[in-house]
Structure formats: structure tokens, C-alpha cells
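Participant: take this sequence and fold it.
(one chain, ligands or ions: 3)
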Amino acid sequence: RHRVGILGGGQLARMMALAGLPLGLQFKVLDPATDACAGECTPLVNAAFDDAAALQALAGEVDVVTFDFENVPADSARALASKVPVYPAPDALAVAQDRLSEKTLFRELGIPVPAFAAIDSREGLERALDEVGVPCILKTRRLGYDGKGQFRIRSRADADAAWEALGAQAPRVGLILEAFVPFDGEVSVVAVRGRDGEFRAWPLTANWHVDGVLSASLAPAPVPARVQETALGYARLLAEKLGYVGVFALELFRRGDQLLANEMAPRVHNSGHWTIEGAETSQFENHLRAVLGLPLGSTAMRGHACMLNWIGEMPDAAAVLGEAGGHWHDYGKEPRDGRKVGHATFRADSAPALADALESAGASLGRSGQVDPVVAVLRG
Ligand code: ATP
Ligand code: MG
Ligand code: MG
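Facilitator: Ligands and ions are numbered 1, 2, ... in the order given. Sure, this is the predicted structure:
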């Protein structure tokens, strides 16, 4: 039986374990939090991600190590990789951990990106504002997630407030200024590459964020075939350049038929949760197949799927379970403001049927605001 180590024990590790148990896999998860939610279904080791002794012990107990958390110190990943196969490889992880290195790579590969500039001082911010223009967003280069570590600059008068908010973090995590993109929509490619180089991608997903946090995802994204082909082509270029192994997501802004890359996530991704019920093989199963060198499963989808994130607290399950094609995922986390505690996926054979189910569940849950933008797109 294959043994898989996972650095990070959140809901992604939990869903990997749930997908891996039928394959006969055994898991060991490392996380500093004693209440990490993967611990409900896998053995959990409580240790810091830079605890050399804990990493050494983990390396001795598993056949491969992967990640639920992308911000594990790259040196920890490298130390592990000298003892046991680690996928994605530490070098690929390191590129994706830094917005400057990932955007530089996108540009090198001919993948369009918003204008950006690295910053290391208050004067540097002024130079970057000259270069990038306003409106723009000041972001930490490393360690940001769910829109944290970002400050929106609407006019040059906001520069002091932006520096006040994030300047102190410049030495530790670095800063980058990015042009604000007035997008028509956001899409993501969730793709997988095997140890043998085989590449597969699920259909393009459309995403809606609220306050920088993913709120809803819809697949297939209602975009022309050429837009999907372009997006999948970018993901493939990236995966091949990085020699990537496993699942990753490429987030893109769409303006008409034009795509601009925002960031990549070197792991299974929230915008791919719909694949559990909506695709022949889920992102979690294919990630495990990839890192273990097993044949990849089909990424074909079954009809249409929409995922809704539950942020802060879980709503009542009945409204979702009562819909044909409604599926419930409770991560078993303590409710907390802004925290992803679960999600629901709705699957239907047609776009109108999916819109009906979303409207009905949205009304029962008192969450019409969350489903309305998706329903509007589905009704075209
Ligand atoms: P994630 O949780 O996806 O890792 P993150 O903290 O890394 O999020 P981003 O993906 O950079 O942050 O930004 C979060 C969201 O904020 C984006 O999905 C988008 O809605 C908005 N956003 C970020 N950058 C831009 C931009 N340059 N132009 C317009 N909107 C943006
Ligand atoms: Mg991110
Ligand atoms: Mg993002």
C-alpha cells in the first residue's frame, strides 16, 4: 500500500484523504494546529513546517510527500526531497510562492499578465506607481491568501495609506504593485500533470470572489471554445516549463476574449472542488494518482456543476440535500469570521436545470446574493 505524507492538514488534505482511501492509500499529515480538520480522517502529526526532526520522521514513514498548503518553507520541502520523492518539486513550489517570480515566469512564457513592479521602499512605491499607473493593487509577494495582504490603490492619494498598511511587511515578505484589471469575469484552469509528463485539464471554471475570497465556481465556464483553448494552453506551457507533477490551478482575468494571468496555486484548488461530483475523476484523486505515478483519470465533466463556498459558518444542510444533484461538504471546522468551513456542489445535466436548483436552494438558504451572478450567467 502506498503511503502519502501531506504538509498541511486543512480541508484540502482532508479531501485528498477522502479520495485516496478507496485507492487503498494511507496518509500521514503534518500540521502545527492540533485541530487541523484533516485529523478527523487521517493520522495527524503536530509540528511546525520547519521542524527538522518531524520532517525527517515523516520522510521515513511515507513513499511520497505532497502539500495542502503552498507556503511551507521551500527549504523544508528541499530537505524532505533529499530523502523521499516530493511533488510538486520544491523548485516549482518556490516559484509559485512568490508573486514576482510567478509573474516573471508567466511573462517569459508569453502568458499575458497585468503590468507589475516589485517594490522595496516608499520611494520604490512612487516609481512603481509611475510605471504601473492607477488604479492598482499593492500586494505582499509571499504568504498572501484569500485576498489578505492586499491594498487597493484607487488614486495616487492612496499611496501613503497603502504604505502604512503593508510597508512594514516589505522586508519579510516583499511587495509587488499590480495594475487593477477591470475584468468581465474570472476563470481558472485546474490541471494535472503526471510523473511521466501526461497533461490533462478539467473544463475551464468561472469564479466569483467576494472581498477577495472565492464565493462561487461554475463549470464549464460559459466562454467561447477558443478562450478555453487559450487558457488550457497557458496551463500546459507552465506545467511543462516547471516540470510540474500533481494538480495546480492557474487563475486568470478575462476581458472579452483576452486573458491575463493573476496567479498559480501549486496544489489542489478551491475552484476545483466541483470535480468531486461533477467530473469523471476529481482533482483530489488525480493529484494522488499523479504524485504516485499512477495512470491519470479522465477529467471529462458530467453535465454542469456549481460550487458555493461556506465562509464563516455552515448554513442549514437541508436546502442543499433536498435538491436533486445537491451535495454537502462540512469540513468540521470551528466557525470563524472569513474562514472557509465547507462548500456545496450542485450538479445537473443542463444549464437551465442547474440554474433552477441554485435559485431554489439560494432562496431557501437566504443566500440569493451568492447564487444570483451564477444564475444570471447560466440563463445567458
Ligand atoms: P487566493 O485565495 O486565490 O490564493 P490571493 O490572496 O492569493 O487569493 P489574489 O488571487 O491575487 O489573492 O486576489 C484575490 C482576488 O482579488 C482575485 O481573485 C480578484 O477577484 C481580486 N484581484 C486581485 N488582483 C487583482 C487585479 N490586479 N485586478 C483586479 N482584481 C484583482
Ligand atoms: Mg493566492
Ligand atoms: Mg487567487
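Participant: tell me how far the nearest residue to residue 297 once chain neighbours are set aside lies from ligand 1.
Facilitator: Nearest residue to residue 297, sequence neighbours excluded (CB to CB, 6 or more residues apart in numbering): residue 281, at 2.8 Å. In short, each C-beta sits where N, CA and C put it, glycine included. To ligand 1, residue 281 is 23 Å away according to CB to the nearest ligand atom, to the nearest Å.
Participant: ok, residue 281 - contacts?
Facilitator: Shown in contact with residue 281 (CB atoms under 8 Å, 6 or more residues apart in numbering): 275, 289, 296, 297, 298, 299.
Participant: now, which of those residues sits nearest residue 354?
Facilitator: residue 275 (15.4 Å; CB to CB).
Participant: burial count for the closest one?
Facilitator: Applying other CB atoms under 10 Å, we find 30 residues neighbouring residue 275.
Participant: residue 312 now?
Facilitator: 13.
Participant: which strand or helix spans the residue nearest to it when sequence neighbours are not counted?
Facilitator: Distances taken as CB to CB, 6+ apart place residue 337 nearest to residue 312, at 5.5 Å, with adjacent residues excluded. Using DSSP states H and E, residue 337 sits in no helix or strand.
Participant: so residue 182 belongs to a strand, correct?
Facilitator: No. According to DSSP: H, G, I helix; E, B strand; the rest coil, residue 182 belongs to no strand; its state is coil.
Participant: could you find the closest non-adjacent residue to it?
Facilitator: Residue 182 sits nearest to residue 255 (CB to CB, 6+ apart), 7.3 Å away.
Participant: and if you look at residue 174?
Facilitator: residue 141 is the one closest to residue 174 (CB to CB, 6+ apart), at 3.5 Å.
Participant: wait, that neighbour sits on residue 176?
Facilitator: Yes. Counting by CB atoms under 8 Å, residue 141 does reach residue 176; the two are 5.1 Å apart.
Participant: give me the pLDDT value at the residue nearest to residue 174.
Facilitator: pLDDT for residue 141: 98.
Participant: which residues are in contact with it?
Facilitator: By CB under 8 Å, 6+ apart, residue 141 lies in contact with 98, 99, 100, 118, 173, 174, 175, 176.
Participant: interface residues of this structure facing ligand 1?
Facilitator: Residues of the chain lying near ligand 1 by CB under 6 Å from any ligand atom: 114, 137, 144-148, 178, 180-181, 186, 209, 212, 251, 262-263, 265.
Participant: if you set the cut-off to 5 Å instead, what comes out?
Facilitator: 114, 137, 144, 145, 146, 147, 178, 180, 181, 209, 212 (CB under 5 Å from any ligand atom).
Participant: thought the second one was touching residue 147?
Facilitator: So the one you mean is residue 137. No. Counting by CB under 8 Å, residue 137 stays clear of residue 147, with 9.7 Å between them.
Participant: neighbour-wise, which of those two wins?
Facilitator: Higher neighbour count among residue 137 and residue 147: residue 137, with 20 against 15, using other CB under 10 Å.
Participant: give the bridge partners for the more buried one, please.
Facilitator: Residue 137 has these beta-bridge partners by DSSP bridges: residue 152, residue 178.
Participant: quick one: contacts for it?
Facilitator: 150, 151, 152, 153, 177, 178, 180.
Participant: circling back to that earlier point, is it possible to get a markdown table of the contacts of residue 281 that adds pLDDT, distance to residue 11 and secondary structure?
Facilitator: Converted to a markdown table, the contacts of residue 281 look like this (pLDDT from 0 to 100; distance: CB to CB, whole Å; DSSP: H, G, I helix; E, B strand; the rest coil):
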| residue | pLDDT | distance to residue 11 | secondary structure |
| --- | --- | --- | --- |
| 275 | 99 | 15 | helix |
| 289 | 98 | 20 | helix |
| 296 | 98 | 23 | coil |
| 297 | 98 | 21 | coil |
| 298 | 98 | 24 | coil |
| 299 | 98 | 21 | coil |
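Participant: out of the residues you listed, who has the most neighbours?
Facilitator: residue 275 (30 neighbours).
Participant: so who does that residue touch?
Facilitator: 190, 202, 219, 281, 282, 283, 284, 299, 301, 305.
Participant: any idea how far residue 6 is from the nearest residue to the second one once chain neighbours are set aside?
Facilitator: In space, residue 202 comes closest to residue 299 once its chain neighbours are excluded; the distance is 4.5 Å by CB to CB, 6+ apart. Separation of residue 299 from residue 6 (CB to CB, to the nearest Å): 22 Å.
Participant: same question for residue 61.
Facilitator: Distance from residue 61 to residue 6, by CB to CB: 12 Å.
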